[in-house]
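In: let me see the structure of the following:
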Amino acid sequence: MEEHNPGPGRKGKILVSACLAGEYCRWDGGTNLVPEIKSLVDSGNAVVVCPEELGGLPTPRLPSERIGGRVVSSDGRDVTAEFRYGAEEALWVCKEEGCRLAILKAKSPSCGKGIIHNCLFDGGLVQGNGVTAQLLMESGIAVMTEQEWLDSQAASSSAAPNDPPCS
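Out: Residues are numbered from 1 along each chain as shown. Next comes the predicted model:
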């Protein structure tokens with residue numbers, strides 16, 4: 001793996017799924033806004049990507065789900081190439097921005113980590129990673145779902161200060 005440095009004086013940013021920052025890029029044209037994640041973007045600490053759009057897919061678009069190494073839309077069309085291209089573009093953004101962490105949309109065929117939809121288009125889930133999440137992890141980028149990140153923020157903000165020693 002090639003080490004990429006954002007350059008002197010540039011702090012690495014966090015890569016986030018664009019839908020989590022309020023961009024209307026979900027398959028159905030909607031958003032998955034998480035205000036705390038949008039705040040990261042607004043403060044300049046994060047950069048947004050939508051791998052599906054980077055891969056050339058329109059918004060809105062038919063839903064797609066991953067099965068093995070392929071991604072298939074609900075009409076049976078193989079959209080693997082678009083998902084792979086979008087993943088490569090997201091990795092490029094990570095390298096350019098010095099990202100070492102990505103906060104990605106859970107269950108997505110692109111961004112999901114650990115659990116994704118089962119390719120039956122019935123809402124079922126299976127173990128697996130989205131195309132982008134997998135590529136980023138293989139490239140040394142830490143990946144968290146939005147809930148994992150929110151939980152980590154809650155845990156760090158609720159950590160009790162050191163108790164003073166007994167007198």
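In: hey, what's the residue nearest the centre of the chain bridged with?
Out: Geometric centre of the chain, nearest residue: residue 104, 2.0 Å, by CA atoms, centre = their mean. Note on residue 104: beta-bridge partners residue 145, judged by DSSP bridges.
In: that one contacts residue 14, correct?
Out: No - the criterion here is CB atoms under 8 Å, and residue 104 misses it with residue 14 at 10.6 Å. Bear in mind the C-beta positions are built from the backbone N, C-alpha and C, glycine included.
In: in this protein, where is pLDDT below threshold?
Out: Counting by pLDDT under 70, the chain shows low-confidence ranges at 1-11, 159-167.
In: how does it look with 80?
Out: The model of the chain has pLDDT under 80 over residues 1-11, 158-167.
In: now the strands for it?
Out: Applying DSSP state E to the chain gives strands spanning 14-17, 46-49, 64-67, 70-73, 101-104, 115-117, 125-127, 142-145.
In: how many residues are close by residue 135?
Out: 22 (other CB atoms under 10 Å).
In: for it, which non-adjacent residue is closest in space?
Out: residue 87 (4.4 Å; CB to CB, 6 or more residues apart in numbering).
In: how about the one you found, what does it touch?
Out: By CB atoms under 8 Å, 6 or more residues apart in numbering, the contact list for residue 87 reads 51, 55, 110, 131-132, 134-136.
In: out of these, which is most surrounded?
Out: Counting neighbours by other CB under 10 Å, residue 132 leads these with 36 neighbours.
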